[in-house]
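> give the three-dimensional model of this entry:
(one chain, ligands or ions: 1)
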Amino acid sequence: MSATRYTYLGPAGTFTEAALRKLPEAATRELVPMVTVSAALDAVRAGEAAAALVPIENSVEGGITTTLDELIAGEPLMIYREVLLPITFALLVRPGTQLADIKTVTAHPAAQTQVRNWLAANLPDAVWESSASNADGARLVQEGRYDAAFAGEFAAATYGLEPLVTEIHDAANAQTRFVLVGRPARPAAPTGADKTSVVIWQRDDHPGALLELLQEFAVRGVNLVLLQSRPTGEGIGSYCFAIDAEGHVSDPRVGEALMGLKRICLKVRFLGSYPQADVSPQDVRALRPGTSDGDFAEASDWLTRCRDGRF
Ligand SMILES: O=C(O)C(=O)Cc1ccccc1
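Now for the predicted structure:
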């Protein structure tokens, strides 16, 4: 067990590694690349690493399903931080390769939607094959398995490749969100700009079932920033929902919303409360009337007085 070891989706040169190096504590940690998201998280579950950084969501492609499914199922884990990274790809080739020589290309599956138009316009006949990560694609080009890889330009040197084309992205300002995942423990204190993640399994299917769980947040003035359904694996039409809500589990409005969900849902898995990347407390939206900490405390005092006959 190493309290100082952080695993990440590797090998060296992934966007995940670049995101990890944005965390101040990365400088004092042993950073260990793993071949898959599952392997990075299993090292944490086994106590061989204190935490793992893994991609969870891309602004163009959407959720990284392996990561979501790992957090939804299996031994519980918790999110402690999130990191946002702008994503733009370079086409990495062995020195001397020209565009006309490229017959096969590779990258992580989540990269495909971000370079699809570029590929159709510039390499319409190239055959795409997915790799375990963008840097792993670069490694496979070095080995001669593919002609080119879409990866971060910074990965070129690690694999003896050169960037034939840079700044490839179908959508400007694409970003990927990464999460630092550890074993369950008390979340860090609120910063004033936090986010809470949960997974919810509904009790049964009926009209308005999704609306009922959304109402638990709405009536308490809690804003949602992510709602993603994932199949439970139990048949067509059976889903659980991953939800990110603004606020911290210690905020009364968030806590009461979670208690409401706990009452009406089959199962709720708490995935953590952690600071929202790139949002500072002064950027946080104003609370809806009646949903501040003071409002909740006052209402609770009033109820106590009612119960005591002291009003
Ligand atoms: O970190 C990487 O390089 C990955 O392979 C995951 C990924 C995939 C697509 C965009 C950003 C990160």
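
> which helix or strand contains the residue in the stretch 151-300 of the chain that the ligand sits nearest to?
Here the stretch 151-300 of the chain gets closest to the ligand at one residue, Thr176, 4.0 Å apart by Cβ to the nearest ligand atom. Placement of C-beta: from N, CA and C, glycine included. In this structure, Thr176 sits in strand 175-182 according to DSSP states H and E.

> now for that strand, which elements pack on it?
For strand 175-182, the packing partners by 3 or more Cβ pairs under 8 Å, 6 or more residues apart in numbering; DSSP states H and E come out as helix 15-20, helix 37-45, strand 51-58, strand 78-86.

> in the chain, where is pLDDT below threshold?
1-2 (pLDDT under 70).

> could you list the contact residues of it toward the ligand?
Taking Cβ under 6 Å from any ligand atom, the part of the chain that reaches the ligand is made up of 9, 14-16, 55, 58, 87, 108, 110-111, 133-135, 176.

> now for the residues you listed: which two are most distant?
The distance between the two most remote of these (Cβ to Cβ) is 16.1 Å, for Asn58 and Ala135.

> how is the protein divided into domains?
Following automatic domain parsing, the chain resolves into domains at 89-168, 186-311.

> winner for burial among the ones you listed?
Neighbour counts (mean count of other Cβ atoms under 10 Å) averaged over each of those peak at domain 89-168, with a mean of 19.

> show me how far it is from its chain's centre.
24 Å (Cα atoms, centre = their mean, to the nearest Å).

> ok, stretch 242-261 next?
19 Å.

> helices or strands up against the longest helix seen in the chain?
Of all segments of type helix in the chain, defined using DSSP state H, the longest is helix 293-308. Secondary-structure packing of helix 293-308 (3+ Cβ pairs under 8 Å, 6+ apart): helix 252-264.

> and the contacts of the helix it packs on?
196, 198, 200, 203, 212-213, 216-217, 220-222, 245, 247-249, 268, 270, 273, 287, 291, 293, 296-297 (Cβ atoms under 8 Å, 6 or more residues apart in numbering).

> which of those fall within helices?
Filtering the contacts of helix 252-264 for helices - DSSP H - leaves 212-213, 216-217, 293, 296-297.

> how about the helices of the stretch 1-150 of the chain, start to end?
15-20, 37-45, 65-72, 109-122, 134-142 (DSSP state H, counting those that start in this stretch).

> and the gap between the nearest residue in space to Arg45 that is not next to it in sequence and Ile64?
Closest residue to Arg45 apart from its sequence neighbours, by Cβ to Cβ, 6 or more residues apart in numbering: Glu75 at 5.0 Å. Taking Cβ to Cβ, to the nearest Å as the measure, Glu75 falls 19 Å from Ile64.

> likewise for Glu234?
Relative to Ile64, and taking Cβ to Cβ, Glu234 is found at 22 Å.

> can you give me the strands in the stretch 101-250 of the chain?
Ranges of strands within the stretch 101-250 of the chain are 104-107, 127-130, 148-151, 162-168, 175-182, 194-202, 224-231, 239-246, based on DSSP state E, counting those that start in this stretch.

> from Ile72, how far off is the residue nearest to Ser229 when sequence neighbours are not counted?
Excluding its sequence neighbours, the residue lying closest to Ser229 (Cβ to Cβ, 6+ apart) is Tyr239, at 4.2 Å. From Tyr239 over to Ile72 the distance is 11 Å, taken as Cβ to Cβ.

> tell me, what's touching those two both at once?
Arg230.

> which ones are touching the residue nearest the centre of the chain?
Centroid-nearest residue in the chain: Ile56, 2.5 Å away (criterion: Cα atoms, centre = their mean). Contacts for Ile56 (Cβ under 8 Å, 6+ apart) come out as 63-64, 67-68, 71, 82, 177-179.

> one more time with 10 Å
By Cβ atoms under 10 Å, 6 or more residues apart in numbering, the contact set of Ile56 is 37, 63-68, 70-71, 79, 82, 176-179, 181, 197, 226, 228, 242, 244.

> next one: Ala40
6-10, 16, 32-34, 49, 51-54, 67, 70, 181.

> again, but for Arg305
Phe311.

> same check, this time on the one 3 residues further on
Not one residue lies near Asp308 by Cβ under 10 Å, 6+ apart.

> could you report the distance from it to the ligand?
Separation of Asp308 from the ligand (Cβ to the nearest ligand atom, to the nearest Å): 57 Å.

> could you redo the helices and strands packed on strand 175-182 as TSV and give each row distance to Ala189?
Output for the helices and strands packed on strand 175-182, formatted as TSV (distance: least, Cβ to Cβ, whole Å):
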stretch	distance to Ala189
helix 15-20	23
helix 37-45	22
strand 51-58	18
strand 78-86	12
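
> before I go, just wanted to say thanks for your time.
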